[in-house]
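Undergrad: any chance you can model this:
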Amino acid sequence: IDKRKEQIVKLDELIQSTFINMFGDPSENPRNWRTIELGNIAESFIGLTYKPEEVSETGVIVLRSGNIQANNLDFKDIIRVNKVIKEKLKVQHGDILMCSRNGSKRLVGKNALIQEIDEEMTFGAFMTIIRSKYNLYLLVFFRTEAFRNQLFCSETTTINQITKSMLDKIVVPLPPIEMQNQFAIITKKIWLQQELLKRSLHELQNNFNSIMQRAFKGELF
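TA: You can find the predicted model right below:
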């Protein structure tokens, strides 16, 4: 189980290192890519506010910070609301979901890619959706120190939040789309391998739990 978890983390690290190898460190932009402010290439939306009485057993899923675990969406703990959702606040395939406000600064900026939506979903007020044709490149850029350094470059930045204005002003090195497409192909292959490892991890955990239950019942002795 520990080995599987380590392998999954290593594949995340492989994506980051592939990004740096192909495009260089965004902090230094050694390949002199054209730079552009994020607001010129992406839309961003702050999430839904709702009242406690609108929370329901049925309705639309509201994605929150806890639904991002290890760079992926996690649906173990969800809430739903019965509320009319504006079209721009409905998540779409390919959107980036980002935690934009949290009690812990470390968790601000964590993100995941929205994929394979099988029902309508929205996102909470402490979350942001980023939508761009460059989203897969941006997804990994958002996980670099270059991004965090721009967000929290001032020592006076003590509020643990990312505003739309802050996001729009982030300077992004923008490689040619052909290179981004090559990176996307590599990344999707790594994700496929990760998915196989996650399935294997799930089976190992189930087997371990079964063995422990039998041991406690005395069936193995």
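Undergrad: contacts only, for residue 67.
TA: Contacts for residue 67 (Cβ atoms under 8 Å, 6 or more residues apart in numbering) come out as 73, 74, 75, 77, 78, 97, 112. Any C-beta I mention is one placed from the backbone N, CA and C, and that applies to glycine too.
Undergrad: any idea how far residue 76 is from it?
TA: Using Cβ to Cβ, to the nearest Å, one obtains 9 Å as the distance from residue 67 to residue 76.
Undergrad: residue 49 now?
TA: Counting by Cβ to Cβ, the gap from residue 49 to residue 76 is 24 Å.
Undergrad: do residue 204 as well
TA: 18 Å.
Undergrad: more crowded one of the two?
TA: Taking neighbours as other Cβ atoms under 10 Å, residue 204 and residue 76 compare with residue 204 leading, 15 against 7.
Undergrad: the more buried one contacts residue 4, doesn't it?
TA: Yes - if you go by Cβ atoms under 8 Å, residue 204 and residue 4 touch, sitting 6.1 Å apart.
Undergrad: pLDDT on the longest helix along the chain, on average?
TA: Counting residues, the longest helix in the chain under DSSP state H turns out to be helix 177-216. For helix 177-216, the mean per-residue pLDDT is 92.
Undergrad: if we can go back for a sec, now, of the contacts of residue 67, which are buried?
TA: The neighbour-count criterion (16 or more other Cβ atoms under 10 Å) marks 73, 97, 112 among the contacts of residue 67 as buried.
Undergrad: leaving out chain neighbours, which residue sits closest to the second one?
TA: The reference is to residue 97. What sits nearest to residue 97 in space, not counting adjacent residues and going by Cβ to Cβ, 6 or more residues apart in numbering, is residue 112, at 5.3 Å.
Undergrad: these two touch, right, the one you found and residue 94?
TA: No - under the criterion of Cβ under 8 Å, residue 112 makes no contact with residue 94, lying 11.9 Å away.
Undergrad: helix, strand or coil: sort out the spatially most central residue of the chain for me.
TA: In the chain, the residue lying closest to the centroid (Cα atoms, centre = their mean) is residue 112, at 1.6 Å. Classification of residue 112 by DSSP: H, G, I helix; E, B strand; the rest coil places it in strand.
Undergrad: ok, it - contacts?
TA: So residue 112 contacts 67, 68, 71, 72, 73, 96, 97 (Cβ under 8 Å, 6+ apart).
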